[in-house]
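A.B. asks: can't give you the sequence, but here's the structure:
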C-alpha cells in the first residue's frame with residue numbers, strides 16, 4: 001500500500017483521523033511532530049520558544065525525509081510543513097497527500113490555541129495562517145477532503161477517495 005500523508009491546519013484532524021485511518025487499514029500511524037519530539041527529546045512548544053520557527057522547520061524537513069522511507073503507513077504532518085517548498089517533493093515521495101480542510105470555526109471550537117506555538121495569539125493568527133497556507137495545501141495535495149464528518153466517517157471517506 002502507498003502511504004497516506006495528511007496535511008492541513010493545526011486542529012483540522014490529522015492525528016485523530018489518521019489514527020482511525022491507520023486502524024481501518026491495519027497499518028502504522030506516524031505523527032511527524034512526535035518524531036521531532038522524540039528525536040529532540042523535548043516538546044514542540046519548547047523548540048519554538050528556545051530556537052524559533054525556522055529551526056523547527058529544518059527539523060520538520062529532516063523528519064519528513066526520514067518518514068519518506070516508511071511503508072504501509074498513515075503519516076500526519078505538522079500544519080506548517082507546506083511552509084517550505086522543499087517539503088512538497090518530500091511529501092509526494094512519501095505517498096498520497098490528503099489535505100484535510102476543516103472549517104476554522106470548528107477548529108477554534110476544539111483546540112486550545114495557547115498550547116499551539118503559532119496560535120498563541122488566538123484566532124486572528126489562525127485566520128492569517130489559513131489565508132497564507134490554503135494555496136500551499138491545495139498545491140501540495142493529491143486530494144482535498146472537507147472535514148465535516150465524525151473522524152471515523154472521514155477516515156472511511158478518505159479510503160474511498162484514495163481507492164485502495
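C.D. replies: Ah, there it is. Values in this document were obtained by computation on a predicted structure and should not be read as measured data.
A.B. asks: got a list of contacts for stretch 123-143?
C.D. replies: 7-10, 79-80, 82-83, 87-88, 91-92, 96-99, 101, 104, 107-108, 113, 118-119, 144, 158, 161-162 (CB atoms under 8 Å, 6 or more residues apart in numbering). Placement of C-beta: from N, CA and C, glycine included.
A.B. asks: please redo it, this time with the cut-off set to 6 Å
C.D. replies: If you take CB atoms under 6 Å, 6 or more residues apart in numbering as the criterion, stretch 123-143 is touched by 7, 9, 82, 88, 91, 96-99, 104, 108, 119, 161.
A.B. asks: mind showing which ranges of this structure have poor pLDDT?
C.D. replies: 111-122, 164 (pLDDT under 70).
A.B. asks: Which strand runs longest in it?
C.D. replies: Counting residues, the longest strand in the chain under DSSP state E turns out to be strand 96-101.
A.B. asks: Could you spell out the sheet neighbours of it, each with its direction?
C.D. replies: If you go by DSSP bridges, strand 96-101 pairs up with strand 4-7 (parallel), strand 143-146 (parallel).
A.B. asks: returning to that earlier point: and of the contacts of stretch 123-143, the nearest to residue 22?
C.D. replies: Using CB to CB, residue 98 is the member of the contacts of stretch 123-143 that lies nearest residue 22, at 12.9 Å.
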